[in-house]
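Asks: the following comprises the amino acid sequence and a computationally predicted model.
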Amino acid sequence: MAATPRPATANVALLLVRLILATVFLYHGSQKLFGWFGGGGIAGTAGYFAYLHLPLPTLNAWLSALAEFLGGVFLLIGSGLRIALIPLIINMIVATLVTLPGGFNVMTHGCEYPLTLLVVLIALEITGPGVWTLGNLLMGDRPAVGGTLSPTATAR
């Protein structure tokens, strides 16, 4: 069944949301995975997770780092996004639960930031990535002037 075409502005909005989320998750994922941008790498992340009393801190550091970094890559390209968002959503559920004792305010180490990311990820899971994806570009599908693809392209 073909998807209902979206207005061009909705596809631009989805692209903008994906690009900023990709930046956020690539940044944080590379801090955890490689120690870039002042991050602690896997060892530092595992140490922080141990401090938070999370089980299996090294394994969870790897899972969190890979979910964030690879999730950022998939957000950037847009293709395969609905599957790739699942580990990111799980990651943000855990982050929200871990920060919940701090209340809502991010300044008191509350859940405001991970909860916001979680809700936006869930919204993207529901809406899909929009038509501006690398997969559509590589398949030669170009959005029409109205911002929609052909019926066969939107059915993918």
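Replies: Received the coordinates, thanks. Residues are numbered from 1 along each chain as shown.
Asks: following the longest helix anywhere in the chain, which helix or strand shows up next?
Replies: Using DSSP state H, we find that the single longest helix of the chain is helix 8-34. Per DSSP states H and E, the first helix or strand lying C-terminal to helix 8-34 is helix 41-51.
Asks: residues touching the residue nearest to Phe49 when sequence neighbours are not counted, list them.
Replies: Using C-beta to C-beta, 6 or more residues apart in numbering and skipping the chain neighbours, the partner closest in space to Phe49 is Pro57 (3.8 Å). For every residue, glycine as well, the C-beta is placed using N, CA and C. Contacts for Pro57 (C-beta atoms under 8 Å, 6 or more residues apart in numbering) come out as 46-47, 49-50.
Asks: tell me the buried residues within the residues you listed.
Replies: 46, 49 (16 or more other C-beta atoms under 10 Å).
Asks: ok so, going back, so what's the gap between the longest helix of the chain and the chain middle?
Replies: Relative to the chain's own centre, helix 8-34 is displaced by 7 Å; criterion: C-alpha atoms, centre = their mean, to the nearest Å.
Asks: and the furthest pair within the contacts of Pro57?
Replies: Within the contacts of Pro57, Gly47 and Phe49 form the most distant pair, 7.3 Å apart (C-beta to C-beta).
Asks: returning to that earlier point: show me what the longest helix of the chain is packed against.
Replies: helix 41-51, helix 57-77, helix 112-127 (3 or more C-beta pairs under 8 Å, 6 or more residues apart in numbering; DSSP states H and E).
Asks: got the angle between it and helix 112-127?
Replies: Between helix 8-34 and helix 112-127, the angle comes out at 130 degrees (axes from the mean of the first three to the mean of the last three C-alpha atoms, to 10 degrees).
Asks: low-confidence stretches in the protein?
Replies: Scanning the chain for pLDDT under 70 picks out 1-5, 141-156.
Asks: three-state assignment of the closest residue to Ile122 other than its chain neighbours?
Replies: Among residues not flanking Ile122 along the chain, Ile89 sits closest, at 6.4 Å (C-beta to C-beta, 6+ apart). Secondary structure assignment for Ile89 (DSSP: H, G, I helix; E, B strand; the rest coil): helix.
Asks: could you measure from Ile89 over to Ala123?
Replies: Ile89 sits 11 Å away from Ala123, going by C-beta to C-beta, to the nearest Å.
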